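> Sequence first, then the predicted structure, then my questions.
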Number of protein chains: 2
Amino acid sequence: MRALILNKTISFRDDYPRPEPIGDEALVRVAYAGVCATDMELVKGYMGFSGVPGHEFSGVVEWAPDKSFAGRRVTGSINIGCATCVYCASGLENHCPRRKVLGILNKDGAFAEYLTLPEKNLYLLPDSISFEEAVFIEPLGAAFEIIRQIPVGSGVSVAVLGDGKLGLLVALVLMQTGCDLTLIGRHTHRLDAFKQKGISVSCGMEGVHTEFDVTVDCTGESKGLFNALSITRPRGTVVLKTTVAKRSGEALNKAVIDEITIVGSRCGPFTPAIQAIAGGTIDVKPFISAVYPLEEGLCAIDESGKSSVLKVLISVDDGAGV
Amino acid sequence: MRALILNKTISFRDDYPRPEPIGDEALVRVAYAGVCATDMELVKGYMGFSGVPGHEFSGVVEWAPDKSFAGRRVTGSINIGCATCVYCASGLENHCPRRKVLGILNKDGAFAEYLTLPEKNLYLLPDSISFEEAVFIEPLGAAFEIIRQIPVGSGVSVAVLGDGKLGLLVALVLMQTGCDLTLIGRHTHRLDAFKQKGISVSCGMEGVHTEFDVTVDCTGESKGLFNALSITRPRGTVVLKTTVAKRSGEALNKAVIDEITIVGSRCGPFTPAIQAIAGGTIDVKPFISAVYPLEEGLCAIDESGKSSVLKVLISVDDGAGV
């Protein structure tokens, strides 16, 4: 099959073996995949991953042990637990120490014609969600994770640091909570779009004098934590949404002195993300900056690294099962 | 009066002006003061403090607006709020942005014959607490702060990293909660003393394979956070008790991936610390490694920096008011 293969360097191949579903796995024909910052990190060597990257996807079930899945439009959660440990038993497969992660850890991913995933990882797509939109369910779920971890709502002042794709998705989710939201970024046109929705915005940190109850660092930058702590009130909360190759820890003295809580936050629930897109409360279509065919996947990854670009999609099989 | 004065370098003087109480302040004749790691940091330039250091003390009220204080044996909390901001109004003077901090920030401290503090900062000492023991109330309160911030008790596995004076005080407090406690340090004799109390101990990190629910970093070392995160379970909690001049932040990626919460923790409540010492549930006397007269305060600070030493006291006026 056609696939992008990472093996120290990334390349396109048209003869990669099609994955065989094992046990409770379904075989999914991929329609679209999304390029995420993590993919770019993987290409740089993060996690030492080799195989097919890609963990944001939509597609059609080609075959599954449960025949009712066949032909259904799906996306899928990316953590595959061992099913026996205490985390898996508690529904926390995301934290299973022996987990595989689609396109990230010991499991070929979505930048290919086919992928396999356990049936219980699959989520059916309502008709109102297109294949393109469905690619956003995984990252939007990661944004919803925040409100599962900490109380955010009316009367809580929240800053989102970073107006990249994750920061904007987080801002869209937090808007729904009725909190007093400020988006801090560096792309005037993106900030303007949020200003028109009635959200406070700031281009850069300089004009920011508020001490927020909660600050969410979505910058993916080494200075993100420092900046987040600097605008968070004593006893407030900083949510760390991104891994960063190099990050200074000196800012953590402020966390000690001001007794700030730092909450690590990763993958999140798919159901509220599906509901938000299906119900129209969150519109992800404006996030699509470009669409490349799988054969031009390397260009897609390059393009995704540009600061002016939001989400780049890879069109694997636009007519998958349609 | 006699005092240790920090002004880039630290020196003893016998002609430093005696402080004058202002407004609601009492004048306290110092009996004993304790040397804390923070004092050693101040001497190295931390906070840019100049004046009289020292924030752990016991003494006798020489004069106070409320005459009933006169002659009473006291210690005192060290944060002096502005009394008007939202933090002060909420009883969180510790986090007042305009606060002074005894011997640390804009307020002369306890390495001197006299200090001044607002009456509301004073805590009366029960007869069963000696002046020497009372010096431990402030750092012991900082240890009690942890159980005010996070739930610790039966069924919760907790590691304390560091067997310096703070680590040991924290371990003594956490022992009272019935949690499943492990103390990790590098001083065999200190660890043995805890082993005899029935606490799990480990000399070094190598033998530690547990994933703890809660890890408290009391190392004061740059690697402390990394080590703490490495032994904390997914969705667990790391408590940061110490400021560190240089600290790597790369370990924070584990906090994101494993969704670990990091809680900054600083000053704490005096009342439980007084009760624990007065009631004999916590014995601080074994922590006293050495006592120096104020004139030899520089030796006391030097001595305090040695790894083999726990608490060094400065005897200012052993017979204060007695």
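That came in fine, so what should we check first?
> alpha carbons only for contacts and neighbour counts from here, please
Noted.
> Using PDB, write down the CA coordinates of the helix or strand where residue A:74 lies.
Taking DSSP states H and E as the definition, residue A:74 sits inside strand A:73-76. Backbone C-alpha positions of strand A:73-76 (Å, rounded to 0.1, in the frame of the first residue of the first chain) are rendered in PDB as follows:
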ATOM      1  CA  ARG A  73     -17.300   6.100   8.900                       C
ATOM      2  CA  VAL A  74     -15.000   6.400  11.900                       C
ATOM      3  CA  THR A  75     -12.200   8.100  13.700                       C
ATOM      4  CA  GLY A  76     -10.200   6.500  16.500                       C
END
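> counting contacts, what elements does it pack onto?
strand A:56-63, strand A:122-124 (3 or more Cα pairs under 8 Å, 6 or more residues apart in numbering or on different chains; DSSP states H and E).
> got CSV for the ones you listed, with mean pLDDT too?
Compiled in CSV, these are given as follows (pLDDT from 0 to 100):
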stretch, mean pLDDT
strand A:56-63, 98
strand A:122-124, 98
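> Please work out which of those strands is packed deepest.
Mean neighbour count, computed with mean count of other Cα atoms under 10 Å in any protein chain shown, is highest for strand A:56-63 among the helices and strands packed on strand A:73-76, reaching a mean of 27.
> strands paired with that strand, and their directions?
Using DSSP bridges, the strands paired with strand A:56-63 in its sheet are strand A:25-34 (antiparallel), strand A:73-76 (antiparallel).
> Now render the helices and strands packed on strand A:73-76 as JSON lines, adding distance to residue B:53.
Formatted as JSON lines, the helices and strands packed on strand A:73-76 follow (distance: least, Cα to Cα, whole Å):
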{"stretch": "strand A:56-63", "distance to residue B:53": "56"}
{"stretch": "strand A:122-124", "distance to residue B:53": "62"}
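> My guess is residue A:219 contacts residue A:164. True?
Yes. Residue A:219 is in contact with residue A:164 according to Cα atoms under 8 Å; the separation is 7.3 Å.
> who's more crowded, the two?
The residue with more neighbours, out of residue A:219 and residue A:164 and counting by other Cα atoms under 10 Å in any protein chain shown, is residue A:219; that gives 26 against 23.
> Torsion angles phi and psi at residue A:188?
Dihedral angles phi and psi of residue A:188 (degrees, to the nearest 10) take the values phi -50, psi -40.
> Pull the number of nearby residues for it.
In terms of burial, residue A:188 registers 13 neighbours under the definition other Cα under 10 Å.
> now do residue A:308
Burial of residue A:308, expressed as a neighbour count using other Cα under 10 Å, amounts to 11.
> Roughly how far does it sit from chain B?
When Cα to the nearest Cα, to the nearest Å is the yardstick, residue A:308 and chain B sit 26 Å from each other.
> nearest spatial neighbour of that residue, skipping sequence neighbours?
Leaving aside its sequence neighbours, residue A:308 sits nearest to residue A:187 (Cα to Cα, 6 or more residues apart in numbering or on different chains; 7.9 Å).
> Let me know the pLDDT of the residue most central in space within chain A.
What sits nearest the mean C-alpha location of chain A, by Cα atoms, centre = their mean, is residue A:139, with 2.5 Å. In this prediction, residue A:139 carries a pLDDT score of 96.
> next one: the one 10 residues further on
pLDDT, the model's per-residue confidence, is 96 for residue A:149.
> count of neighbours near it?
Using other Cα under 10 Å, residue A:149 has 15 neighbouring residues.
> Send me stretch A:285-305 as CSV with only the CA atoms.
Coordinates of each C-alpha in stretch A:285-305 appear next as CSV, following Å, rounded to 0.1, in the frame of the first residue of the first chain:
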residue,chain,number,x,y,z
LYS,A,285,-13.2,24.1,8.9
PRO,A,286,-11.4,27.5,9.1
PHE,A,287,-8.4,25.6,10.6
ILE,A,288,-7.7,23.8,7.3
SER,A,289,-4.8,25.7,5.7
ALA,A,290,-3.9,23.1,3.0
VAL,A,291,-4.6,19.6,1.7
TYR,A,292,-2.0,17.5,0.1
PRO,A,293,-2.3,14.0,-1.4
LEU,A,294,-0.5,11.2,0.4
GLU,A,295,2.1,11.1,-2.4
GLU,A,296,3.1,14.7,-1.4
GLY,A,297,3.0,14.0,2.3
LEU,A,298,6.6,15.3,2.8
CYS,A,299,5.4,18.6,1.5
ALA,A,300,2.5,18.5,3.9
ILE,A,301,4.8,18.0,6.8
ASP,A,302,7.1,20.8,5.7
GLU,A,303,4.1,23.1,5.1
SER,A,304,2.8,22.3,8.6
GLY,A,305,5.9,23.7,10.2
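> Go through that stretch and flag the buried ones.
Within stretch A:285-305, the residues that qualify as buried by neighbour count (16 or more other Cα atoms under 10 Å in any protein chain shown) are A:287-288, A:291-295, A:297-298, A:300-301, A:303-305.
> packing partners for the helix or strand containing residue A:298?
Assigned by DSSP H and E, residue A:298 falls within helix A:297-304. The elements that helix A:297-304 packs onto, with contact taken as 3+ Cα pairs under 8 Å, 6+ apart, are strand A:9-13, helix A:37-43, strand A:288-293, strand A:311-315.
> Now find how far off-centre the longest one is within its chain.
Between the centre of helix A:37-43 and the centre of its chain there are 12 Å (Cα atoms, centre = their mean, to the nearest Å).
> Show residues contacting that helix.
A:6, A:8-10, A:48-49, A:53-54, A:104, A:301, A:304-305 (Cα atoms under 8 Å, 6 or more residues apart in numbering or on different chains).
> now do 6 Å
Contacts of helix A:37-43 from elsewhere in the structure, counted by Cα atoms under 6 Å, 6 or more residues apart in numbering or on different chains, are absent.
> on that earlier part again, could you identify the least confident member of the buried residues of stretch A:285-305?
In terms of pLDDT, residue A:305 ranks lowest among the buried residues of stretch A:285-305, with 90.
> Give me the distance between that residue and residue A:296.
Computed with Cα to Cα, to the nearest Å, the distance linking residue A:305 and residue A:296 is 15 Å.
> Could you check the pLDDT of the closest residue to residue A:132 other than its chain neighbours?
In this structure, residue A:132 finds its nearest non-sequential neighbour in residue A:32, 6.2 Å apart by Cα to Cα, 6+ apart. Listed pLDDT for residue A:32 reads 98.
> Going along the chain, name the helices of the stretch 51-200 of chain A.
Per DSSP state H, counting those that start in this stretch, the stretch 51-200 of chain A has helices spanning A:86-89, A:131-134, A:137-149, A:165-175, A:188-195. These are given in chain order.
> now what about the helix holding residue A:298, what contacts it?
With contact meaning Cα under 6 Å, 6+ apart, helix A:297-304 is reached by A:292, A:312.
> cool, stretch A:121-141 as well?
Taking Cα under 6 Å, 6+ apart as the criterion, the residues outside stretch A:121-141 that touch it are A:34, A:56-58, A:73-77, A:268-270, A:273, A:278.
> Show the end-to-end separation of it, please.
Across stretch A:121-141, the terminal residues are separated by 14 Å (Cα to Cα).
> Phi and psi next, for the residue lying farthest from the centre of chain A.
With distances taken from the mean C-alpha point of chain A and given as Cα atoms, centre = their mean, the most distant residue is residue A:257, at 32.3 Å. In this entry, residue A:257 is assigned phi and psi values of phi -60, psi -40 (degrees, to the nearest 10).
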